[in-house]
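# Here is my input, please return the structure:
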Amino acid sequence: MTDPLPVTRADVEAAHAAIRPLVRRTPVIAVERSVLGLGDGSPLALKLEQLQHTGSFKARGASWNLLSGDLPEAGVAGASGGNHGAALAWAAARAGVPCDIFVFSHTPDAKAKRIEGYGARVHRVSSDFDELMAATHDHVDATGARLVHAYDQPGTLAGQGTVALEFLADADVDTLLVATGGGGLIGGMAAYAENRVKVVSVEPEACPQMHAALEAGKPVPVPSSGYARDSLGPALIGALGFAVAQQFVDDAVLVPDDAIRGAQATLWDRLRLVVEPGGAAALAALTSGAYQPEPDERVGVLLCGANVDAVHWPD
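Here you go, the predicted structure:
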């Protein structure tokens, strides 16, 4: 007998009903493949989740976490490469509670400033994930603040999974391409999809946590580096997202950093869309050939974040 999944389709539906007044239903647009230099075939459906509050899908999981649990006087705390921190700070400000965010020393200034702009206290720790989490847990233990995990809590998965609910309601697709970091996004989306459509995990070659875990049959430590490290480079894939992926993720592909840069540039040049490296990774699976759809396969691509420093914009 298999263990019950940490998040189900019904959990995602409950989360969506609760957070719908708080988050944006980001648009889905149809784009001819030729416009993106991909030749002929069915149009691509792009969900523009980079237009979400705080610039990423993370606002969904943060909102649902705060709605579905107690909020102590000390507020909430989280460890983040940047996007989760901004989302949690934004949600905490709306809820009127304090927020402390612990970030990597290499977190881009654009993301740290955005977190501070929502009223949270930012603590830069180091480039080591274990040290980052240890500092966060020390704060929680000392203050009584509530820990909101960026990707390895059921509430986070359920909230992020609402992206799939909207995407599949607004577009008729066979396949969803989803960038994977810690596994909260793809775990929630795959839990909602329940094999109704094909779900493909896309990671940078330099951050292959989900790919390595699926090959090993369990989460395994993998060094992270490269262009999209800040959003797609946890030390270990989340146990909850991995559990869902084992059942409902159909494929896991890897893309080089140059392909991610190229996808960013293409989205700007052809569609005038600004996305961060992690936000462009799913499209890079197509532009690089890492994922090759069938000629009539209807593909949906999630653009999941837009928090990028202008000085880091690809040429």
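
# Cross-check the contact I'm expecting between Pro293 and Gly41.
Yes: judged on Cβ atoms under 8 Å, Pro293 makes contact with Gly41 at a distance of 7.2 Å. For glycine as for every other residue, the C-beta is placed from the backbone atoms N, C-alpha and C.

# Strands of the stretch 201-315 of the chain, residue ranges please.
In the stretch 201-315 of the chain, the strands defined using DSSP state E, counting those that start in this stretch lie at 251-255, 299-303.

# who does the last one pair up with?
Strand 299-303 has its sheet partners listed here by DSSP bridges as strand 44-48 (parallel), strand 175-179 (parallel).

# Output these in a markdown table, with distance to Gly159 appended to each entry.
Shown next, in a markdown table, are those (distance: least, Cβ to Cβ, whole Å):
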| stretch | distance to Gly159 |
| --- | --- |
| strand 44-48 | 16 |
| strand 175-179 | 15 |
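
# Tell me which of these sits most buried.
strand 175-179 (a mean of 26; mean count of other Cβ atoms under 10 Å).

# Hey, what's the angle from that strand to strand 251-255? Just curious.
In terms of direction (axes from the mean of the first three to the mean of the last three Cα atoms, to 10 degrees), strand 175-179 departs from strand 251-255 by 50 degrees.

# Can I get whichever helix or strand comes after strand 175-179 as CSV, trimmed to CA atoms?
Proceeding N to C from strand 175-179, the next assigned helix or strand is helix 184-193, under DSSP states H and E. Provided in CSV are the C-alpha atoms of helix 184-193 (Å, rounded to 0.1, in the frame of the first residue of the first chain):
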residue,chain,number,x,y,z
GLY,A,184,6.5,23.0,-3.9
LEU,A,185,5.2,24.4,-7.2
ILE,A,186,5.4,21.2,-9.3
GLY,A,187,4.2,19.1,-6.4
GLY,A,188,1.1,21.2,-6.0
MET,A,189,0.4,21.4,-9.7
ALA,A,190,0.9,17.7,-10.3
ALA,A,191,-1.3,16.9,-7.3
TYR,A,192,-4.1,18.9,-9.0
ALA,A,193,-3.4,17.5,-12.4
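
# re the thing from before, reformat the strands paired with strand 299-303 as CSV; add distance to Val244 and mean pLDDT.
Listed next are those as CSV, based on distance: least, Cβ to Cβ, whole Å; pLDDT from 0 to 100:
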stretch, distance to Val244, mean pLDDT
strand 44-48, 19, 98
strand 175-179, 12, 98
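
# So Pro293 and Gly41 - more neighbours on which side?
Pro293 (20 against 16; other Cβ atoms under 10 Å).

# what's next to stretch 17-29, contact-wise?
Here stretch 17-29 makes contact (Cβ atoms under 8 Å, 6 or more residues apart in numbering) with 45-53, 59-60, 63-64, 67-68, 94, 159, 162, 166-167, 170-171, 300.

# The lowest-mean-pLDDT helix or strand in the chain packs against which elements?
When each helix and strand of the chain is scored by mean pLDDT, DSSP states H and E, helix 229-232 comes last, with a mean of 76. In this structure, helix 229-232 makes packing contacts with strand 198-204, helix 277-287, judged by 3 or more Cβ pairs under 8 Å, 6 or more residues apart in numbering; DSSP states H and E.

# Let's have these in TSV, adding mean pLDDT.
Formatted as TSV, those follow (pLDDT from 0 to 100):
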stretch	mean pLDDT
strand 198-204	96
helix 277-287	95
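
# hey, which of these is tucked in deepest?
helix 277-287 (a mean of 30).

# Kindly calculate the angle that that one makes with strand 299-303.
160 degrees.

# For helix 277-287, name the packing helices and strands.
Checking 3+ Cβ pairs under 8 Å, 6+ apart, helix 277-287 ends up next to strand 175-179, strand 198-204, helix 229-232, strand 251-255, helix 257-271, strand 299-303.

# can you tell which of these is closest to Gly278?
helix 229-232 (3.5 Å; Cβ to Cβ).

# Please name the nearest non-neighbouring residue to the residue nearest in space to the middle of the chain.
Most central residue of the chain, judged by C-alpha distance to the mean C-alpha position with Cα atoms, centre = their mean, is Leu185 at 4.7 Å. Distance criterion Cβ to Cβ, 6 or more residues apart in numbering; nearest residue to Leu185, sequence neighbours excluded, is Gln160 at 4.6 Å.

# re earlier: quick one: closest of the helices and strands packed on helix 277-287 to Gly75.
Using Cβ to Cβ, those put helix 229-232 closest to Gly75, at 23.9 Å.

# what does that closest one rub up against?
So helix 229-232 is in contact with 56, 81-83, 104, 106-108, 111, 179-181, 203-204, 206-207, 224, 276-279, 281, 305, going by Cβ under 8 Å, 6+ apart.

# now it, how far from the centre of its chain.
10 Å (Cα atoms, centre = their mean, to the nearest Å).

# can you check stretch 109-121 too?
18 Å.

# Alpha carbons only: can I get that stretch in PDB?
Taking Å, rounded to 0.1, in the frame of the first residue of the first chain, the C-alpha atoms of stretch 109-121 are listed here in PDB:
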ATOM      1  CA  ASP A 109      19.600  42.800  -4.300                       C
ATOM      2  CA  ALA A 110      16.300  43.200  -6.300                       C
ATOM      3  CA  LYS A 111      14.800  40.400  -4.300                       C
ATOM      4  CA  ALA A 112      16.100  41.600  -0.900                       C
ATOM      5  CA  LYS A 113      14.900  45.100  -1.500                       C
ATOM      6  CA  ARG A 114      11.500  43.800  -2.500                       C
ATOM      7  CA  ILE A 115      11.200  41.900   0.800                       C
ATOM      8  CA  GLU A 116      12.100  44.900   2.800                       C
ATOM      9  CA  GLY A 117       9.700  47.000   0.800                       C
ATOM     10  CA  TYR A 118       6.800  44.900   2.100                       C
ATOM     11  CA  GLY A 119       7.900  45.700   5.700                       C
ATOM     12  CA  ALA A 120       9.800  42.500   6.600                       C
ATOM     13  CA  ARG A 121      13.200  42.300   8.300                       C
END
